[in-house]
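S.K.: can you look at this prediction? I've put the sequence above it.
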Amino acid sequence: MDYSENIAQEERVTIEYEDTTAPVIALQSYDSYLFEDEKCETYSEVESTGEDCVDGYVTVDESIVYLSLSDHSKVTEGTDQGTKSPKTELYCSGGDVVDSVDTSTPGYYCVTYAAKDAAGNEAETETVVVEVEDTIPPEIHFETESFTEECASLTSLPDPEAYATDEPCDDSIEATCDWTDDAISNALKTVGDYEVQYEATDGYNTATKSYSLTIEDTTAPTITCLKLLFIVFAYSLFFNLFFFRS
Ligand SMILES: [Ca+2]
Ligand SMILES: [Ca+2]
């Protein structure tokens, strides 16, 4: 309206705000992108948030691929292949998609976090690598740890009722005698003291344990009837020849 009270015609201007800024993903532990877990330890998920200047908090999607320990060359630092973690220069390439980090199965779990805002702007992904190792060997147990056996009655090695456990997650695994058939056969016929070794493996570590075996011979030899008859015959022959001729 001017001084003469003329009213100007209303004009409308539409200002469009275009959101071209991607959200940013924040992880709970910035300094620890490579997590090392012992087999069957409880893995605590990394907390993640996605913040966007227009949408506020946005959903962070998690995807996980699994690589076996032998695929360690596919989890690399400082190269530009695979899924990139920009803050640590840590990369994973390949792998099988899995639902979660399974700490009963050793390997590398590459957990990748992604987010996008309502306008479709995608955040730079972050990757956390969880390395699950098995460094604890199994433990072998014997129900009986020491045997003394008579040589003559022994046809096979005594059974110590061996079994193995692999803490913390495998209750029972197999323990087997690692003696060869020839070693067993020789021991059974030879008096002496032996250490019979058993072995158990969890696939990553091998344990050994031995039980002691003494093989003794306390049985006197026996003379058979045939031998006895031969001795009697020999004596009688000698006696007859000596006395009848003299
Ligand atoms: Ca945005
Ligand atoms: Ca183990």
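M.R.: Alright, I've got the coordinates. Ligands and ions are numbered 1, 2, ... in the order given.
S.K.: looking at this structure, which helix or strand does the model trust least?
M.R.: strand 83-85 (a mean of 51; mean pLDDT, DSSP states H and E).
S.K.: what does the pLDDT read for the closest residue to ligand 1 within the chain?
M.R.: Among the residues of the chain, D117 lies nearest to ligand 1; the distance is 3.8 Å by C-beta to the ion. Where you see a C-beta, it was placed from the backbone N, CA and C, and this is true even at glycine. We have a pLDDT of 96 for D117.
S.K.: and it, how far from I25?
M.R.: To I25, D117 is 12 Å away according to C-beta to C-beta, to the nearest Å.
S.K.: who's more crowded, the two?
M.R.: D117 (21 against 18; other C-beta atoms under 10 Å).
S.K.: contact partners for the more buried one?
M.R.: Residues near D117 by C-beta atoms under 8 Å, 6 or more residues apart in numbering: 19, 21-23, 52, 54-55, 58.
S.K.: and the residue most central in space within the chain, what are its phi and psi?
M.R.: Nearest to the mean C-alpha position of the chain, counting by C-alpha atoms, centre = their mean, stands D134 at 4.3 Å. In terms of degrees, to the nearest 10, the main-chain angles of D134 are phi -120, psi 100.
S.K.: equivalent analysis for A187, please.
M.R.: phi -60, psi -40.
S.K.: quick check: nearest residue in space to it, chain neighbours excluded?
M.R.: Nearest residue to A187, sequence neighbours excluded (C-beta to C-beta, 6 or more residues apart in numbering): Y194, at 5.5 Å.
S.K.: hang on, that neighbour packs against L188?
M.R.: No - Y194 lies out of contact with L188 (C-beta atoms under 8 Å); the separation is 10.0 Å.
S.K.: one step back: quick one: buried residues of the helix or strand where the residue nearest to A187 lies?
M.R.: Here Y194 sits within strand 192-201, counting by DSSP states H and E. Buried residues in strand 192-201, defined by neighbour count with 16 or more other C-beta atoms under 10 Å: 194, 196, 198-201.
S.K.: can you check stretch 155-162 too?
M.R.: For stretch 155-162, a neighbour-count test (16+ other C-beta under 10 Å) marks 157, 160, 162 as buried.
S.K.: and T59, how far from ligand 2?
M.R.: Note on T59: its distance to ligand 2, by C-beta to the ion, to the nearest Å, is 38 Å.
S.K.: that residue reaches E51, doesn't it?
M.R.: No - T59 is beyond contact range of E51, at 11.5 Å (criterion: C-beta under 8 Å).
S.K.: comparing those two, which residue is more hemmed in?
M.R.: With neighbours defined as other C-beta under 10 Å, T59 and E51 compare such that E51 has more, 16 against 11.
S.K.: the more buried one bridge partners, please.
M.R.: V24, Y57 (DSSP bridges).
S.K.: isn't it up against V24?
M.R.: Yes - E51 lies in contact with V24 (C-beta under 8 Å); the separation is 5.5 Å.
S.K.: got the contact list for the residue nearest to the centre of the chain?
M.R.: 38-39, 106, 202-205.
S.K.: ok, now which ones touch S4?
M.R.: By C-beta under 8 Å, 6+ apart, the contact set of S4 is empty.
S.K.: what secondary structure does it sit in?
M.R.: Following DSSP: H, G, I helix; E, B strand; the rest coil, the label given to S4 is coil.
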